[in-house]
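Asker: got a predicted model here, sequence first, then my questions.
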Amino acid sequence: MKTVEKAMKGMEFIKGEVYKEFAQSDADEIWKNATDKLEKIMADHANLPKGVAAHTDRAIFPSAAIYLSMKEKDADKAFEVMRVAMKNRSEQSGASLARTAKFPGFTRFFLAMWGPVARKSFGEASGFKNVFYPKKKGEFCMDITQCPYHTYLTELGCPEINKLFCDNDIYSYGNIPGLEFIRTKTIGNGDELCDFRLRLK
């Protein structure tokens, strides 16, 4: 239960939007139902590898539980609450990165660390399948051909919010001074892969 409580606490940024858009009694019910759903989802997926669980327990499962609970009240409002909350959170992250990028050398450091970070956090041990392209100066390129966000959100019956996680990358990495974020396809939008590119301007 502690894992469930920790995961729901990490969703406070969505909770604020839930209570903003729904009546108090409905919001209370949504949050309780979401906690109950999450407890069951986590129990059903208790033996996931550690790398996969880093994504499911922190983001995928609690987001799905909250969204599905809201959807029982109002499907359209549920999607919009998720969209706004996730966009706001990612824009804050992006703004923080943009401020940090003003320090000399940060942009090159950020780009250089993406290879090791991607292989550790977005590799096969974490439920992804990737194509990592040969390293080029001033550029990081990979394709994601299998994604646990797509896998588990589809399994849980809410594949439509997958695209919101894809959009997070745009808000987080799309406005870093001196760095260009390029992506033309995402699995969350129905494409066969996500092409992920970071390039020094």
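Answerer: In hand now; what should we look at?
Asker: hang on, Ser93 packs against Tyr171?
Answerer: Yes. At 7.4 Å, Ser93 counts as touching Tyr171 under the criterion of CB atoms under 8 Å. The way it works is simple: take the backbone N, C-alpha and C, and place the C-beta from them, glycine included.
Asker: more neighbours: which of those two?
Answerer: Between Ser93 and Tyr171, Tyr171 has the larger neighbour count (other CB atoms under 10 Å), namely 18 against 14.
Asker: relative to Arg83, how far out is that one?
Answerer: In this view, Tyr171 and Arg83 are 11 Å apart by CB to CB, to the nearest Å.
Asker: and the residue nearest the centre of the chain, what element?
Answerer: Closest to where the C-alpha atoms of the chain average out (CA atoms, centre = their mean) is Phe165, at 4.0 Å. Under the criterion of DSSP states H and E, Phe165 resides in helix 162-173.
Asker: ok, Ser25 next?
Answerer: helix 24-44.
Asker: just the CA trace of that helix, in CSV.
Answerer: What follows is helix 24-44, C-alpha atoms only, in CSV (Å, rounded to 0.1, in the frame of the first residue of the first chain):
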residue,chain,number,x,y,z
GLN,A,24,-15.8,18.5,-4.6
SER,A,25,-17.8,15.4,-4.1
ASP,A,26,-17.1,14.0,-7.5
ALA,A,27,-13.3,14.8,-7.2
ASP,A,28,-13.2,13.0,-3.8
GLU,A,29,-14.9,10.0,-5.4
ILE,A,30,-12.5,10.1,-8.4
TRP,A,31,-9.4,10.2,-6.2
LYS,A,32,-10.6,7.3,-4.0
ASN,A,33,-11.6,5.2,-6.9
ALA,A,34,-8.2,6.0,-8.6
THR,A,35,-6.4,4.8,-5.5
ASP,A,36,-8.4,1.6,-5.4
LYS,A,37,-7.8,1.0,-9.1
LEU,A,38,-4.1,1.6,-8.8
GLU,A,39,-3.8,-0.8,-5.9
LYS,A,40,-5.4,-3.5,-8.1
ILE,A,41,-3.3,-2.6,-11.1
MET,A,42,-0.1,-2.8,-9.1
ALA,A,43,-1.1,-6.1,-7.5
ASP,A,44,-1.8,-7.5,-11.0
